[in-house]
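*Asks:* next input, structure requested:
(chains A and B)
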Amino acid sequence: MDRALVAGFPFPFPTDRYRYSTNVEPAPRVVSTPAGQWGASLVDVDGEYHRELDERAAVLERDPSRYAVLDHMAPACWDTMLTLMRELAAAYPDVMSLDGDGPSYVWTNRLFDVEQPFTYAQPSTLPDEPLRYVASQVQEDLVLLDQRDGDLWGDAGLVTFAADWSFGFDVGMSFLEIHGPVPRLRETGVITRAREFIMRLQPGAPYRRTNWTLTVGRRLDVSTERYPEWGPDRPRMLTVDDVTFGREVHLRTEVQHLVRLEESGAVLFLIRTYLLPFEELARVEPWRATTAAVLADLPDDIADYKGIAGYRDRAVDWLHAHAP
Amino acid sequence: MSAALDLVVAAVDDTVPGVRSVRLVRPDGGALPGFTPGSHVVVTCGPPGAPGNAYSLTGDSVAPRAYTISVLRLDAGRGGSRWVHALTTGDRVEVTPPRSAFPPVLAARRHLLVAGGIGVTPILSHLRSAVRWGRDVEVLYAHRPGAAAHLDDLRDLAGDALTCLTDRTTLGDHLQRRLADQPVGTHLYTCGPAGFMDTVTLAARRLGWPDERIHVEHFGVDDLDPGEPFEAVLRASGRTVPVPSGTSLLDALEGAGLSVPNLCRQGVCGECRVPVAAGTPLHRDLVLTDAEKAAADTLLCCVSRAADDRLELDL
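*Replies:* Next up is the predicted model:
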């Protein structure tokens, strides 16, 4: 595996114990880890850029329901495109730029040999709809939340790398409906607090959080739609040998940014997915030890929701067996 | 929190009697943060530390090169409008980044914008956005004869969708008629003097408009107010830390050299909880339960303050 991917891996556990919390913090901010660092920008371009964007295009091709925009969200989609282009240009000035000061711009992306002039809010000036266009330039999945009636609504998005959920199923739902299946969130007040927090987000003050699960195989698209393809991999992890287990089982971190868009007032929710196989994880001792402790302590309902209940014990044993 | 913006007066316009429009730019002419239609900035009306007044932004909201505000001179006011009316080109002005507290509802079928007098400022911003995105919009503008700010802007943008009303009787009749004749799904937005907005919202409610579709501009009430100054006494050292209005207790404690665990600084993550030994907290967070708040033995120092002039902390 590319060493830069290990160095940039956002290890999600600050302590040996994991529970759901409103674990939000101002972004961006660089975090140093035993292997390197992450978190310098809202959008992250790494060595998987071309591979992941090819995969996104292929997923969309087979299943167009991964992209949906309710009619009233058109302004938020333009807003998203402009915001992300500015972020990319600021983070990667050597290869990306956004020139012009509105309404006419030129987007340049040397990683794709793209030089795209466009006029803000004029669909005919772009080769694709703005949200789908910008999703072809960033590795992040995109969900747009509209705020109205004192609530948040998932009214637009493009999600090709969902971890066991379905954007096409959730589109148009309220924030609480979207999170309905997650255990403990309602009882502990975590989710209503998160909603209140998001509704008070201000432009120019983005926040982030991390989330995590385990994924078998280096598979970004573990959406509900493709469960028949990846679901059987989980029980299979009980029968494979140790070397295969370490190669196949990945710690999956999502770095999620929350950005209040300037013009539309919608909230942009960015989900960037990172996968690190256990065999690499085990080479960074603090990561191995913490992951073993977190998995051993994880309550059954959370383990079950994350889909890891069946092989969690094996994962803990494997991590213990790979202590230095 | 985003830092204040130091801007320069690029132009003033006194064409409309009693109303001054001010165009503010960055000293280097660079782009300013965009904003949601209906947003305001808080202008520091005087030297740094002087009280601020909230004024709606009237110009283009996407990649703006300037912020424009229009201020009615109120001789009996706190002095903010008189200060603005004394500005000249080249003066430096400190403003907060734009805050949105009166946004258009994107999902609305139609937008009925009702402005009274200088309350036209956020309505103009809504109208610009409605035209940009092709939204169905209607504007009612009540003003004294010959004293209409931004009339040309409204006419250019709204065309036939604008109705101006200059006497009370016509206003009442027309308002009644237009409120009674909107398709289901229309949202109403009103800004103007408090009495004017009361008239508009009362008329709408009587005609059966649900509250969720009536939007009133209350300048900046969604922000946490800066709060009263108080003193925090630290039990462990006996030190007294002054907490001025506009400074959070967390900021004051950090300024005094204390390290307090914290994350969101907005009263939602619960990290910066500190124990209270004496005094009454003024809770403003979203974390503590009602029972915890009533117990008064802990507070979240990023947003919460003292109800009186003194609070003792077990720190």
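*Asks:* report pLDDT for the closest residue to residue A:298 other than its chain neighbours.
*Replies:* Distances taken as CB to CB, 6 or more residues apart in numbering or on different chains place residue A:18 nearest to residue A:298, at 6.3 Å, with adjacent residues excluded. The way it works is simple: take the backbone N, C-alpha and C, and place the C-beta from them, glycine included. What the model reports for residue A:18 is a pLDDT of 90.
*Asks:* repeat that for residue B:248.
*Replies:* So residue B:248 comes in at 88 (pLDDT).
*Asks:* wouldn't it be in contact with residue B:303 here?
*Replies:* Yes. The criterion here is CB atoms under 8 Å, and residue B:248 meets it with residue B:303 at 6.7 Å.
*Asks:* how about the residues of the stretch 101-250 of chain A that lie near chain B?
*Replies:* Neighbours of chain B within the stretch 101-250 of chain A, by CB under 8 Å from any CB of the partner chain: A:101-103, A:120-121, A:146-149, A:155, A:193-194, A:196-197, A:200, A:202-205, A:207.
*Asks:* just the ones of those residues in helices?
*Replies:* Residues of those located in helices (DSSP state H): A:193, A:194, A:196, A:197.
*Asks:* residues contacting residue 140?
*Replies:* Here I'm looking at chain A. By CB atoms under 8 Å, 6 or more residues apart in numbering or on different chains, the residues touching residue A:140 are A:43, A:44, A:257, A:270, A:271, A:272.
*Asks:* looking at chain B here, not the other one
*Replies:* By CB under 8 Å, 6+ apart, residue B:140 lies in contact with B:112, B:113, B:114, B:115, B:163, B:165, B:174, B:175, B:178.
*Asks:* surely the last one is in a strand?
*Replies:* No. The assignment for residue B:178, made by DSSP: H, G, I helix; E, B strand; the rest coil, is helix rather than a strand.
*Asks:* what's the neighbour count on it?
*Replies:* Using other CB atoms under 10 Å in any protein chain shown, residue B:178 is surrounded by 16 other residues.
*Asks:* how about it: what's its closest non-neighbour residue?
*Replies:* residue B:140 (6.3 Å).
*Asks:* before we move on, the earlier item: out of the ones in helices among the residues of the stretch 101-250 of chain A next to chain B, the closest to chain B would be?
*Replies:* residue A:197 (4.1 Å; CB to the nearest CB).
*Asks:* surely that closest one is in contact with residue B:286?
*Replies:* Yes. Between residue A:197 and residue B:286 there is a contact at 7.0 Å, judged by CB under 8 Å.
*Asks:* more neighbours, those two?
*Replies:* Using other CB under 10 Å, the more surrounded residue of residue A:197 and residue B:286 is residue B:286, with 22 against 19.
*Asks:* which residues touch that one?
*Replies:* A:193, A:196, A:197, B:267, B:268.
*Asks:* burial count for the fourth one?
*Replies:* Under the neighbour criterion other CB under 10 Å, residue B:267 is assigned a count of 25.
*Asks:* now swap in the first one and tell me
*Replies:* The number of residues packed around residue A:193, counting by other CB under 10 Å, is 21.
*Asks:* nearest residue to it other than its sequence neighbours?
*Replies:* Residue A:193 sits nearest to residue A:22 (CB to CB, 6+ apart), 5.0 Å away.
*Asks:* my read: that neighbour touches residue B:285, true?
*Replies:* No. Counting by CB under 8 Å, residue A:22 does not reach residue B:285; the two are 11.5 Å apart.
*Asks:* spit out the residues that contact these two alike.
*Replies:* With CB under 8 Å, 6+ apart, residue A:22 and residue B:285 have common neighbours B:268, B:270.
*Asks:* for PyMOL, what selects the buried ones among the residues of the stretch 101-250 of chain A next to chain B?
*Replies:* Selection of buried members from these for PyMOL, criterion 16 or more other CB atoms under 10 Å in any protein chain shown:
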select buried, chain A and resi 102+120+121+146+147+148+155+193+194+196+197+203+204+205+207
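*Asks:* in terms of helices and strands, where is residue B:115?
*Replies:* Using DSSP states H and E, residue B:115 sits in strand B:110-116.
*Asks:* over to residue A:134: give its phi and psi.
*Replies:* Note on residue A:134: its backbone torsions stand at phi -70, psi -30 [degrees, to the nearest 10].
*Asks:* next one, pLDDT for residue 149 please.
*Replies:* If you meant another chain, say so; for now it's chain A. Per-residue pLDDT puts residue A:149 at 86.
*Asks:* meant chain B, my bad for not saying
*Replies:* Looking at residue B:149, its pLDDT reads 94.
*Asks:* now swap in residue A:184 and tell me
*Replies:* Each residue has a pLDDT score; the one for residue A:184 is 77.
*Asks:* can you give me the buried ones in stretch B:75-89?
*Replies:* B:80, B:81, B:83, B:84, B:85, B:87.
*Asks:* list the contacts of the first one.
*Replies:* I take that to be residue B:80. Contacts were defined as CB under 8 Å, 6+ apart; by that measure residue B:80 touches B:43, B:45, B:51, B:52, B:53, B:71.
*Asks:* got a list of what residue A:323 touches?
*Replies:* Neighbour list for residue A:323: A:285, A:288, A:289 [criterion: CB under 8 Å, 6+ apart].
*Asks:* wait, residue A:87 touches residue A:45, no?
*Replies:* No. Using CB under 8 Å, residue A:87 makes no contact with residue A:45, being 10.6 Å away.
*Asks:* following the chain past the helix or strand of chain B with the lowest mean pLDDT, name the next helix or strand.
*Replies:* Among the helices and strands of chain B, strand B:52-56 carries the lowest confidence by mean pLDDT, DSSP states H and E, at a mean of 84. Once strand B:52-56 ends, the next helix or strand along the chain (criterion: DSSP H and E) is strand B:67-72.
*Asks:* relative to strand B:52-56, how tilted is that next one?
*Replies:* 110 degrees (axes from the mean of the first three to the mean of the last three CA atoms, to 10 degrees).
*Asks:* I am finished for the moment; much appreciated.
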